[in-house]
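Trainee: no FASTA, just this:
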């Protein structure tokens, strides 16, 4: 009996020694690190209410656009640099004549109800957009799609044929695709009232799990990850959106612990947001810019018709001061009507640094003089006086006032007038303005044709009434040239000519700021085409962690 007990003790002792040796070996050669794990729910607060979770209608309402970015997929999507990338389509071919576009759908793409995605879904979606009664936003390009012929090659291959080459066409293929088996028979005119809009079935990384509301208002939408999504599984199991009356209320919800993310932090709310120690702020430029359109076609404004005068007006502006003092630093100075960071942007094109002395010399040389320092400039019987129109938004009004003050130092007499957004659009369309401070949203293809080609002066968006033969030729050639390298060369020339002629005054590119609690890991945002692009990297975000052994030589700090 004693001998038996001694053997047990020996076995236990040997086991303990071996365990100590093993732990010592692991301690010397391995370490534990945190790695992303699956699970958890991220809760985000949004100002506004969802109305139609339908990608053909979501452009009217930012909260809809945010949710549709996670629920639906297009044939393609826009990358950070404005280039079109694969999405439901794994690849595509463009015919040598620039007229035919053939898209190849993924064989592993499914709708949230388990039905495979096929060409039938693509064709039905485009037919809805082509319908004369289509009620969706104009940026989906109904006029463009109506000139496109559709051909089914097989279940996973579809071909579009254009009447004439149009290089920006790929942008329109980013529209979210609808499931034919769910919306067939609704018709374009019936889309706004369709029950599908609050019970959507998409093919994106997340699907609707629950919609809560009270008194006809949606208060919360819960999305859960879709296990058959064709890309990698997201680490997050769920994303919940809670909806609030305004931006300030979203920040209140964060401080109260109701949400972990703030969808948009406005410039005026930044001081408050920066005081929240656990709220990480992510900023990135967004695809729009602030510009002052000058009405070159108004004969009562002869000074605008002299490009040396326009250059002087630009040189007189301290745009960085405008950004720092009015926009809370939430913008970047730009001299080009093509967005910085996009594939067509020419960083080496001529620019205009603040130089009041040079501006004064240009005006003097052009004959626009002032009798005394405090007088407005004049030339013959013409006085350098104009009205600067802008929208009735406090920040825009403050920006316009600062522009007027900076021009006053140059001897220009400027009256600021603010109107509603609708009135501003009407004034631009009717060309009933002298100068106008506006924001232009330009996601995707940089095509400057609509704003600066001479054929767009009367009926298009050439609000400035700018007429320049070479710029018209360059922008016209670029939009019918499918070769990107050739287009880039043309756009380089366009930007140089624009900087020389300066038909209007580019000011800044706004910055979008997004707030996320520190508990949410690996959140990253780059240049945004739309605010909903903040979810471009959502598959990498994580909340739950797991601890794993790795060799010390292989261990890397958490990102």
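Mentor: Received the coordinates, thanks. Nothing here was measured: the structure is a model prediction, and the numbers come from that model.

Trainee: can you pull out the strands in the stretch 251-400 of the chain?
Mentor: Using DSSP state E, counting those that start in this stretch, the strands of the stretch 251-400 of the chain run over residues 261-262, 279-285, 288-294, 331-333, 378-379, 382-383, 385-391.

Trainee: I'd like the distance from the fourth one to the chain centre, please.
Mentor: Taking Cα atoms, centre = their mean, to the nearest Å, the mean C-alpha location of strand 331-333 is offset from the chain mean by 15 Å.

Trainee: which regions of the chain lie under the pLDDT threshold?
Mentor: Along the chain, segments meeting pLDDT under 70 span 1-34, 547-559.

Trainee: surely residue 469 meets residue 454?
Mentor: Yes - with contact defined as Cβ atoms under 8 Å, residue 469 counts as touching residue 454 (7.4 Å). For every residue, glycine as well, the C-beta is placed using N, CA and C.

Trainee: more neighbours: which of these two?
Mentor: With neighbours defined as other Cβ atoms under 10 Å, residue 469 and residue 454 compare such that residue 454 has more, 18 against 8.

Trainee: quick one: contacts for that one?
Mentor: Residues in contact with residue 454, defined by Cβ atoms under 8 Å, 6 or more residues apart in numbering, are 462, 466-469, 472.

Trainee: picking up where we left off before, deepest-packed of the strands of the stretch 251-400 of the chain, please.
Mentor: Highest mean neighbour count among these (mean count of other Cβ atoms under 10 Å): strand 261-262, with a mean of 25.

Trainee: so what strands line up beside that one?
Mentor: Strand pairing for strand 261-262, determined by DSSP bridges: strand 41-47 (parallel), strand 505-517 (antiparallel).

Trainee: tell me which residues are up against the helix or strand following the first one.
Mentor: Scanning forward in sequence from strand 41-47, with DSSP states H and E defining helices and strands, the next element found is helix 62-71. Applying Cβ under 8 Å, 6+ apart, the contact partners of helix 62-71 are 46, 48-55, 57-59, 112, 176, 200, 202, 204-208, 221, 223, 239, 241, 243, 263, 530-533, 535, 538.

Trainee: repeat the analysis, applying 7 Å as the threshold.
Mentor: If you take Cβ atoms under 7 Å, 6 or more residues apart in numbering as the criterion, helix 62-71 is touched by 46, 48-53, 55, 57-59, 176, 200, 202, 204-208, 221, 223, 239, 241, 243, 263, 530-532, 535.

Trainee: any of those residues buried? List them.
Mentor: Buried by 16 or more other Cβ atoms under 10 Å: 46, 48, 50-53, 55, 57-59, 176, 200, 202, 204-208, 221, 223, 239, 241, 243, 263, 530-532, 535, out of the contacts of helix 62-71.

Trainee: which residues are in contact with residue 108?
Mentor: Taking Cβ under 7 Å, 6+ apart, we find residue 108 in contact with residue 230.

Trainee: that one should be in a strand, yeah?
Mentor: No - judged by DSSP: H, G, I helix; E, B strand; the rest coil, residue 108 forms no part of a strand; its state is coil.

Trainee: for the strands paired with strand 261-262, give me JSON lines that also has distance to residue 284.
Mentor: Below are the strands paired with strand 261-262 laid out as JSON lines (distance: least, Cβ to Cβ, whole Å):
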{"stretch": "strand 41-47", "distance to residue 284": "17"}
{"stretch": "strand 505-517", "distance to residue 284": "6"}
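
Trainee: nearest to residue 446, of these?
Mentor: strand 505-517 (12.9 Å; Cβ to Cβ).

Trainee: mind listing what's buried along that closest one?
Mentor: 505-517.

Trainee: so where do the helices sit in the stretch 201-350 of the chain?
Mentor: Using DSSP state H, counting those that start in this stretch, the helices found in the stretch 201-350 of the chain span residues 247-255, 270-274, 307-315, 319-325.

Trainee: out of these, nearest to residue 349?
Mentor: Proximity to residue 349 (Cβ to Cβ) singles out helix 307-315 among the helices of the stretch 201-350 of the chain, at 13.6 Å.

Trainee: contacts for stretch 329-347, please.
Mentor: The contact list for stretch 329-347, computed with Cβ under 7 Å, 6+ apart, reads 81-83, 267, 285, 287, 289, 319-320, 323, 349, 351-352, 442, 446, 448, 451, 487-488, 491-492, 495, 498-499, 506, 508-511, 513, 527.
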